[in-house]
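Asker: model this:
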Amino acid sequence: MPLSCDQLRSALAKLNGQRDVRIKFDHADSCTVAGALLVPAEADNIVKLTDGSREYLIDVERVVWVEIG
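Answerer: So this is what the prediction gives:
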């Protein structure tokens, strides 16, 4: 069952820069964002995380699982 953008955004909404997020993608390596913050929704409707110096664009359709630590 793939996640929707809204479902993933809701799951990541409480990130405050003090927790790490690891996302596993279908047929790809996982991606870890240390000190993750969710970037507010923009017109492009892409789910984005930031660590304060970089932005990570998430291909929601390929997310297998998410670990918030």
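Asker: can you list contacts of stretch 54-63?
Answerer: 2-5, 8, 23-28, 31, 33, 39, 46-50 (C-beta atoms under 8 Å, 6 or more residues apart in numbering). Where you see a C-beta, it was placed from the backbone N, CA and C, and this is true even at glycine.
Asker: just the buried members of those?
Answerer: 3, 8, 23, 33, 39, 47-50 (16 or more other C-beta atoms under 10 Å).
Asker: Which of those residues sits closest to W65?
Answerer: Nearest to W65 among the buried ones among the contacts of stretch 54-63: I23, at 7.7 Å, using C-beta to C-beta.
Asker: ok, T32 - contacts?
Answerer: Residues counted as contacts of T32 (C-beta under 8 Å, 6+ apart) are 20-23.
Asker: Redo these as CSV? Include pLDDT.
Answerer: Formatted as CSV, the contacts of T32 follow (pLDDT from 0 to 100):
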residue, pLDDT
D20, 97
V21, 98
R22, 98
I23, 97
